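Student: Model the structure of this input:
(2 chains)
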Amino acid sequence: AQSVTQPDIHITVSEGASLELRCNYSYGATPYLFWYVQSPGQGLQLLLKYFSGDTLVQGIKGFEAEFKRSQSSFNLRKPSVHWSDAAEYFCAVAPGGGAGSYQLTFGKGTKLSVIP
Amino acid sequence: NAGVTQTPKFRILKIGQSMTLQCTQDMNHNYMYWYRQDPGMGLKLIYYSVGAGITDKGEVPNGYNVSRSTTEDFPLRLELAAPSQTSVYFCASSDSGRTSYEQYFGPGTRLTVT
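Tutor: Numbering: from 1, shown residues only, chains lettered A, B, ... in the order given. Sure, this is the predicted structure:
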């Protein structure tokens, strides 16, 4: 079964600083990879997704993520953080190639705080 | 277009009571899901459905039941509530195929069992 590890429980950055949130996955083949964001009191929203092809993917709100097969990683980045980016971020994985049911396995999340 | 709506937003139950969490989507999505979110634990899939009349268990189905009589609605039933079911519950929906991974979430129901 696949699994997802987000090593950082809580990260604090200053507004305008760059951001990188880490995500490592465990899966036998190339999985499908996702980042979701949860604003306080809200449901989750998809930021970006990777299925295949270009390993650098662009998402909404100025976020990007890079798939590195050799490191089993899919880290999320943003060059300049805004106060409105304060939220909880979840990495998720699904079996690649459409195998099995369309179920996501989520990491435990990284809470981002932004200092004005 | 309201997306995914959930009711109620908050609920306190006594041990042994039962209740139904309602979920409705207006995007004509075939797939629907129920998750629970516990602090520091991410989201765990309870049940999912790939269409009306078809449901299947997720990772943590014990203590819950679902039904899917229409495309729009996917209620979650808690029988004999236990303190371990204190959690935030999210309903989500998605289209089929690879776009099924783009799940649209409702705002959640915060349930406390005491």
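Student: Show me the beta-bridge partners of A:Val57.
Tutor: With beta bridges defined as DSSP bridges, A:Val57 has these partners: A:Ala65.
Student: Which strand or helix spans the most centrally placed residue in chain A?
Tutor: Compute the mean C-alpha point of chain A, and by C-alpha atoms, centre = their mean the closest residue is A:Trp35, 3.3 Å away. A:Trp35 is part of strand A:32-38, with elements assigned from DSSP states H and E.
Student: quick one: average pLDDT of that strand?
Tutor: The average pLDDT for strand A:32-38 rounds to 94.
Student: what packs against it?
Tutor: Using 3 or more C-beta pairs under 8 Å, 6 or more residues apart in numbering or on different chains; DSSP states H and E as the contact test, the elements touching strand A:32-38 are strand A:44-50, strand A:64-68, strand A:73-78, strand A:87-94. Backbone N, C-alpha and C define where each C-beta goes, glycine included.
Student: Next secondary structure after the last one?
Tutor: Which is strand A:87-94. strand A:105-106.
Student: now check that next one, is it near chain B?
Tutor: Yes: applying C-beta under 8 Å from any C-beta of the partner chain, one finds that strand A:105-106 is in contact with chain B at A:Phe106.
Student: can you give me the offset of that strand from its chain's centre?
Tutor: Centroid displacement of strand A:105-106 relative to its chain, using C-alpha atoms, centre = their mean, to the nearest Å, is 11 Å.
Student: what comes into contact with it?
Tutor: A:1-4, A:36, A:90-94, B:42-44 (C-beta atoms under 8 Å, 6 or more residues apart in numbering or on different chains).
Student: May I ask which of the residues you listed has the most neighbours?
Tutor: Counting neighbours by other C-beta atoms under 10 Å in any protein chain shown, A:Cys91 leads the contacts of strand A:105-106 with 29 neighbours.
Student: any idea how far stretch B:102-114 is from the chain center?
Tutor: Relative to the mean C-alpha coordinate of its chain, stretch B:102-114 is positioned 7 Å out (C-alpha atoms, centre = their mean).
Student: next one: stretch B:75-90
Tutor: 10 Å.
Student: Okay, buried residues for that stretch please.
Tutor: Counting neighbours by 16 or more other C-beta atoms under 10 Å in any protein chain shown, one finds that the buried residues in stretch B:75-90 are B:75-76, B:78, B:81, B:85-90.
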